[in-house]
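J.: my questions concern the predicted model and sequence given below.
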Amino acid sequence: MTGRFILRRRWALSMALAFLSALGLAAQATLPVATPLRSYDKGFREPVRLTTDSVGRLFVADPRLGVITVRDEAGRFLGAKWGFAQPLGIAVDPSGRIFVCEAGKGRVSIFTPGWVPAGYLGQGDGEFQMPNHIQITPNGLVYVVDSQANQVKVYGPGNQLVRQFGTPGIQAGQFNFPTGIAIAPSGEIFVSDQGNGRIQVFDAQGIFLRKFGGLVGMVGSNSTFGRVQGLLADGQGRIYLADSFRGVVVVVDATGVKLGNLGSFGSDPGQLVGPASLAIDRNNRLFVATPGNTRVEVYGLDTYTDPHILAAILTVNPTQLVREAPEDRARTRRGMARNPEIWRERGDGITGSPLRPSLISVLIKIPGVDPSTIQGGTLTANGVAATRVPGAFIGDFDHDGFLEYRAWFDERRLLATLPDGSAFLVLSGRLTDGRTFENIADVTIVNLTGSVQ
């Protein structure tokens, strides 16, 4: 028996043992129990991609608004970073740096944890045709799915390209519009090959290992899953597939054996329309971006913890605010002083006066909470404290049969916190029992010419 034959036999034996071991682990994999917790349904137009970081913050990319919104693990709105060119994939590396795929510029932009620009992957603009999804390994390698180029590109800690794999086609290792990527604890790379209706698996060097799925019948009617947009691997090696065609999250083991579905198609609480991206936080909660419902669904998986604050229901009046130049505002006030009868009375009951600034009315309802327990002195909107106004502040002002708390805010002070065009008003406060509440309302800021930017 030659030495070469012995080596080959040992290699074959080791591969067989590894395969059997993988099958044994796969057999132990089970579908996680998913408990619907809540939806984040404010502050978005098209929530497409999301990620969480090591301290539990949730980052959501909205390409329609060109914004990344950030919440803490309790759901508090921490802020929004505007000005991106069609942001898609987003990831945070172990040091806290933020990576944003900007499809409109063909680049991946890098920021410090405080959103200070820190460069780009590769050459910056034009490095990619359509950077869609991104994953970062614990050792700092950055994997980017370039959907239009039908490639996965890999970058080192110095932001330089170290390898790439994939070409257009239908053969093993080729792609037809790949959309998502997940890196399993084993180091295997899972890529959703959407146009070919399958998931392909590669080793850390980009060498093809296996695939599962494939087109059956009409496009998107695969017997296992449909049009997969995003992928996620959990600590147990299970792979979660955001099936945008069927409106579910499909869970499979590492070999592609289906364990079951999470969620269901629809617009009711806990249901999904067009799920596109997935993330699990340190509390073992699953976040699913569902642009079809314009929200992010939150589920607890198996044993989980759920830090959260109360979500208020807000009604803002008016929702469209006009930004005036200082000279226009002074001219208006002089005219109003001479002709006070032209001050309009709003539907919320506030009549303008030269001695009173323009006010924004916000009705606040918290399901299951007596509005009289809202502490008015704690209310802020975008950091601006509520204005004290004489009159009733608790009543059924919107005539829906339920009491709400009515608060007022100085319009000019709020305008100073808001950009032109679509913007977010973030209201927060506290109850007499110490619990906090918050939510977001959409407003529109009209610029000086009367048009919306």
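T.: Now that the structure is in, tell me what you want to look at.
J.: dihedrals phi and psi, residue 308?
T.: phi -160, psi 160 (degrees, to the nearest 10).
J.: model confidence score at it, please.
T.: For residue 308, the pLDDT comes out at 95.
J.: same deal with the one 4 residues further on?
T.: Residue 312 carries a pLDDT score of 96 in this model.
J.: right, and residue 383 touches residue 416 too?
T.: No: Residue 383 is not in contact with residue 416 according to CB atoms under 8 Å; the separation is 10.1 Å. C-beta: built from backbone N, CA, C; applies to glycine.
J.: quick one, what contacts the residue sitting nearest the centre point of the chain?
T.: Nearest to the geometric centre of the chain sits residue 60, at 2.5 Å (CA atoms, centre = their mean). By CB atoms under 8 Å, 6 or more residues apart in numbering, the contact set of residue 60 is 40, 43-44, 47, 49-50, 68-71, 90, 289, 296.
J.: parallel or antiparallel, which strands does whichever strand or helix holds residue 36 pair with?
T.: Assessed by DSSP states H and E, residue 36 sits inside strand 34-40. In the sheet, strand 34-40 lines up against strand 295-301 (antiparallel) (DSSP bridges).
J.: which strands or helices does whichever helix or strand comes after the partner strand pack on?
T.: Using DSSP H and E, the helix or strand that follows strand 295-301 in sequence is strand 310-311. Strand 310-311 sits against strand 436-446, with contacts defined as 3 or more CB pairs under 8 Å, 6 or more residues apart in numbering; DSSP states H and E.
J.: tell me the bridge partners for residue 395.
T.: Residue 395 has the following beta-bridge partners by DSSP bridges: residue 404.
J.: any idea how many residues pack against it?
T.: Neighbour count for residue 395, taken as other CB atoms under 10 Å: 14.
J.: and the strand holding residue 36 with strand 436-446, angle?
T.: Angle between the axes of strand 34-40 and strand 436-446 is 50 degrees (criterion: axes from the mean of the first three to the mean of the last three CA atoms, to 10 degrees).
J.: partners of the next helix or strand after strand 34-40 in the sheet?
T.: Once the chain leaves strand 34-40, the next helix or strand it forms, by DSSP H and E, is strand 49-52. Strand 49-52 sits in its sheet next to strand 58-62 (antiparallel), going by DSSP bridges.
J.: any idea of the mean pLDDT in the strand holding residue 36?
T.: What strand 34-40 shows for mean pLDDT is 97.
J.: again, but for stretch 46-53
T.: Here the average pLDDT along stretch 46-53 is 97.
J.: before we move on, back to that, and the pLDDT at the residue nearest to the centre of the chain?
T.: Per-residue confidence (pLDDT) for residue 60: 98.
J.: over to residue 356?
T.: Per-residue confidence (pLDDT) for residue 356: 48.
J.: again, but for residue 13
T.: 39.
J.: please apply the same query to residue 236.
T.: Looking at residue 236, its pLDDT stands at 93.
J.: quick one: contacts for it?
T.: By CB under 8 Å, 6+ apart, the neighbours of residue 236 are residue 29.
J.: recalculate using a threshold of 10 Å.
T.: Applying CB atoms under 10 Å, 6 or more residues apart in numbering to residue 236 gives the contacts 25, 28-30, 32, 184-185, 253-254, 302.
J.: same check on residue 251?
T.: 29-32, 34, 232, 234, 238-241, 258-262.
J.: flag the shaky bits of this structure, pLDDT-wise.
T.: The model of the chain has pLDDT under 70 over residues 1-27, 216-225, 325-357, 448-453.
J.: how is it divided into domains?
T.: 30-308, 311-446 (automatic domain parsing).
J.: okay, the ones you listed, which one's buried deepest?
T.: Sort the domains of the chain by mean neighbour count, taking mean count of other CB atoms under 10 Å, and domain 30-308 sits at the top with a mean of 19.
J.: what's the end-to-end length of that domain?
T.: One end of domain 30-308 sits 28 Å from the other (CA to CA, to the nearest Å).
J.: next, report how far that domain is displaced from the centre of its chain.
T.: Relative to its parent chain, domain 30-308 has a centroid offset of 10 Å by CA atoms, centre = their mean, to the nearest Å.
J.: again, but for stretch 405-420
T.: 26 Å.
J.: can you give me the strands in the stretch 251-400 of the chain?
T.: Assigned by DSSP state E, counting those that start in this stretch, the stretch 251-400 of the chain shows strands spanning 258-262, 277-280, 285-290, 295-301, 310-311, 313-317, 320-322, 359-365, 380-381, 384-385, 394-395.
J.: how about these in TSV, adding distance to residue 85?
T.: Output for the strands of the stretch 251-400 of the chain, formatted as TSV (distance: least, CB to CB, whole Å):
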stretch	distance to residue 85
strand 258-262	33
strand 277-280	19
strand 285-290	19
strand 295-301	22
strand 310-311	31
strand 313-317	29
strand 320-322	26
strand 359-365	31
strand 380-381	29
strand 384-385	30
strand 394-395	46
